[in-house]
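Novice: Make a model of this:
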Amino acid sequence: MISEKPRVRFAPSPTGYLHVGGLRTALYNYLFAKRTGGTFILRIEDTDRKRFVEGAVENLIESLKWCGLNFDEGPGSVTECGPYLQSERLDIYKKYVLQLVESKNAYYCFCNAERLEKLREEQKGRNEQSKYDKHCMSLSDDEVKTQLDNNSPFVIRLNVPEAQTVKFNDMIRGDIEFNTAMIDDQVLLKSDGFPTYHLANVVDDHLMKITHAIRGEEWLSSTPKHVLLYQYFNWEVPLFAHLPLLLNPDKSKLSKRQGDVAVEDYKGKGYLKEALVNFVALLGWTAGDDREFYYLDELVQAFELERVNKSGAVFDIKKLDWLNAEHLRKKSTTELAGMLAESLSESKYAEKSFSTEYLSLVVDAMRERVSFIKEIIENGSYFFEEPTVYDEATVKKRWTAESAGLLNEYVSELKNSECNTKDDFDKLLHSLAEKLEIKIAQIIHPLRIAVSGVGGGPGVFDILYIIGKERVIERINRCVETLSK
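Specialist: Numbers count the residues shown, from 1 in each chain. Next comes the predicted model:
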């Protein structure tokens, strides 16, 4: 019996890392459950042992938790609905598939690979759909028993009725019909004793009291088989919602061949979990307004399954980058300083030590100029090491015959002043420019070159204040010596 409160599941196969399409499916299930006061279940569909990847289950769970999608029931949970790994439920599937055989809604098939291949070739030659021809349906009970007694390899197939229409309603796509002439007698139990996705999915959804089957569009064509199974078992059918495909900008299906598709890839590149979740939520769903920036708890409040689109959603990496920058800027200085410290520990500056106070100043100076924490290190290396080379194009444009002398004058002023604040550095330079009757730019441009080695970045007085007077003097002296040769 289906539960009164919504119960939904994310049921990935442990064949590798969590695909962003899988993350989108998990996210929509999670949002729907939390929005409706329901239960979010993680079920691992590991019955395809040929594609099983060691460590994939742990990675899937870790990726979901990193994104903030904590399941209510799943691997490790002890409930009446468990266990949550299908490989631990094999006796359950065998029990139910034998019920189908007894009721003649499924049957043993002993056809070998050669016969099946010959059948496919013949059907292909006649431009027919490739499907099983029910050959083993004609076997008598005695013939089946003899084959079983002889330990002949077999599978168990679904007995699809002929010339009927299977109907169901999809919460996103409306009413859908399939003619059974287009539905194959699907294998339910494989020769290795493991169930196929179709049998295990239906049995588990029923026993786990799933109310809504929210999954990718690629499973839409399998749904009539599932509906038939529900009917054969005389079980209540859950509500279906098939999510649109994720597409590349050229409208082809998002795949590994055309770039990164795993959550692990984006995590490794420095994307924030908040940004990735925000971005993935918008791949096929909108709240009906122009809003694009969301935190996870805000998505819970706004999400409605009925507002998911039918058409494919384009995966636009530029939008993800923009969202990452927006989420980065919303974070507190303390949190960003901690993230910068972690990033530095994995960089060439790992052996160096920087105080939290220092990193906080760097973060505040750079946050409006970067989309990723690592870009602070890449674009602001002068905060972590002395510049030893100076950008040639900037030097050619900004360094003049007077630059060295003007910087020496500034150094003289610095030595005789405190300069404890950013304004102190600013006022000192303006005072010098006024005394020498020159434009501010004549000093400020070569000063930036001297302390950073480049022509861009945050305000030059921010840099001076952060690195401190002593290092400013050292850098100016080194630059003057280098560029005066």
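
Novice: Would you mark the buried spots in stretch 158-177?
Specialist: Across stretch 158-177, burial judged by 16 or more other CB atoms under 10 Å covers 158-160, 166, 168, 170-172, 176. Quick note: C-beta positions are derived from backbone N, CA and C, even for glycine.

Novice: nope, stretch 27-44 is what I meant
Specialist: Judged by neighbour count using 16+ other CB under 10 Å, the buried positions of stretch 27-44 are 27-36, 38-44.

Novice: returning to that earlier point: show me the buried residues of stretch 158-177 that map onto strands.
Specialist: If you go by DSSP state E, the buried residues of stretch 158-177 have 158, 166, 168, 170, 176 in strands.

Novice: any idea which element the residue lying closest to the second one once chain neighbours are set aside lies in?
Specialist: Yep, that's Val166 we're talking about. Using CB to CB, 6 or more residues apart in numbering and skipping residues adjacent in sequence, the residue nearest Val166 is Pro224, 4.0 Å away. Pro224 is located in helix 223-233, with elements delineated by DSSP states H and E.

Novice: by how many degrees do that helix and strand 165-170 diverge?
Specialist: Angle of helix 223-233 versus strand 165-170, following axes from the mean of the first three to the mean of the last three CA atoms, to 10 degrees, is 110 degrees.

Novice: Which helix or strand lies directly C-terminal to helix 223-233?
Specialist: strand 239-243.

Novice: chain center to that next one: distance?
Specialist: In terms of CA atoms, centre = their mean, to the nearest Å, the centre of strand 239-243 is set 21 Å apart from its chain centre.

Novice: between that strand and helix 223-233, how many degrees?
Specialist: Using the same axes, to 10 degrees: strand 239-243 against helix 223-233 is 160 degrees.

Novice: for strand 239-243, packing partners?
Specialist: Here strand 239-243 touches helix 20-36, strand 165-170, strand 212-216, going by 3 or more CB pairs under 8 Å, 6 or more residues apart in numbering; DSSP states H and E.

Novice: Asp289: which of the ones you listed is closest?
Specialist: helix 20-36 (16.8 Å; CB to CB).

Novice: got the CA coordinates for that closest one in CSV?
Specialist: Presented in CSV, the C-alpha positions along helix 20-36 are these (Å, rounded to 0.1, in the frame of the first residue of the first chain):
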residue,chain,number,x,y,z
VAL,A,20,25.2,15.9,-12.8
GLY,A,21,22.1,14.4,-14.4
GLY,A,22,21.9,12.0,-11.4
LEU,A,23,22.4,15.0,-9.1
ARG,A,24,19.5,16.8,-10.7
THR,A,25,17.3,13.7,-10.2
ALA,A,26,18.4,13.4,-6.6
LEU,A,27,17.9,17.1,-6.0
TYR,A,28,14.4,17.2,-7.4
ASN,A,29,13.4,14.1,-5.3
TYR,A,30,15.0,15.7,-2.2
LEU,A,31,13.3,19.1,-2.8
PHE,A,32,9.9,17.4,-3.4
ALA,A,33,10.2,15.4,-0.2
LYS,A,34,11.3,18.3,2.0
ARG,A,35,8.6,20.6,0.4
THR,A,36,5.8,18.1,1.2
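
Novice: Can you name the residues that contact the residue nearest to Val166?
Specialist: By CB atoms under 8 Å, 6 or more residues apart in numbering, the residues touching Pro224 are 166, 168, 178, 180, 183.

Novice: so which strand or helix has Thr47?
Specialist: Applying DSSP H and E, one finds Thr47 in no helix or strand.

Novice: Share the number of residues neighbouring it, please.
Specialist: Look at Thr47: counted by other CB atoms under 10 Å, it has 24 neighbours.

Novice: Backbone dihedrals for it, please?
Specialist: Dihedral angles of Thr47 (phi, psi; degrees, to the nearest 10) stand at phi -90, psi -10.

Novice: distance of it from Leu23?
Specialist: Separation of Thr47 from Leu23 (CB to CB, to the nearest Å) stands at 22 Å.

Novice: pretty sure Gly68 is touching Val277, no?
Specialist: Yes: in terms of CB atoms under 8 Å, Gly68 counts as a neighbour of Val277; the distance is 6.7 Å.

Novice: Overlap of the contact sets of the two?
Specialist: Counting by CB under 8 Å, 6+ apart, the residues touching both Gly68 and Val277 are Leu296.

Novice: Who has more neighbours out of the two?
Specialist: Val277 (25 against 14).

Novice: following whichever strand or helix holds His445, which helix or strand comes up?
Specialist: According to DSSP H and E, His445 maps onto helix 440-452. Later in the chain than helix 440-452, the nearest helix or strand by DSSP H and E is helix 460-467.

Novice: Redo the helices and strands packed on strand 239-243 as CSV? Include mean pLDDT and distance to Pro446.
Specialist: Formatted as CSV, the helices and strands packed on strand 239-243 follow (pLDDT from 0 to 100; distance: least, CB to CB, whole Å):
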stretch, mean pLDDT, distance to Pro446
helix 20-36, 97, 47
strand 165-170, 97, 67
strand 212-216, 97, 58
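
Novice: Same list (the ones you listed) but as TSV, adding distance to His327.
Specialist: Converted to TSV, those look like this (distance: least, CB to CB, whole Å):
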stretch	distance to His327
helix 20-36	16
strand 165-170	33
strand 212-216	26
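
Novice: Of these, which is nearest Asn416?
Specialist: Taking CB to CB, helix 20-36 is the member of those nearest to Asn416, at 58.8 Å.

Novice: and the helix or strand that comes right after the closest one, what does it pack onto?
Specialist: Beyond helix 20-36 on the C-terminal side, the first helix or strand identified by DSSP H and E is strand 39-42. Under the contact criterion of 3+ CB pairs under 8 Å, 6+ apart, strand 39-42 touches strand 7-10, helix 20-36.

Novice: CA atoms of strand 39-42 as CSV?
Specialist: Extracted in CSV, the C-alpha atoms of strand 39-42 (Å, rounded to 0.1, in the frame of the first residue of the first chain):
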residue,chain,number,x,y,z
THR,A,39,10.8,11.0,3.0
PHE,A,40,13.8,11.0,0.8
ILE,A,41,15.3,7.5,0.2
LEU,A,42,18.6,6.5,-1.3
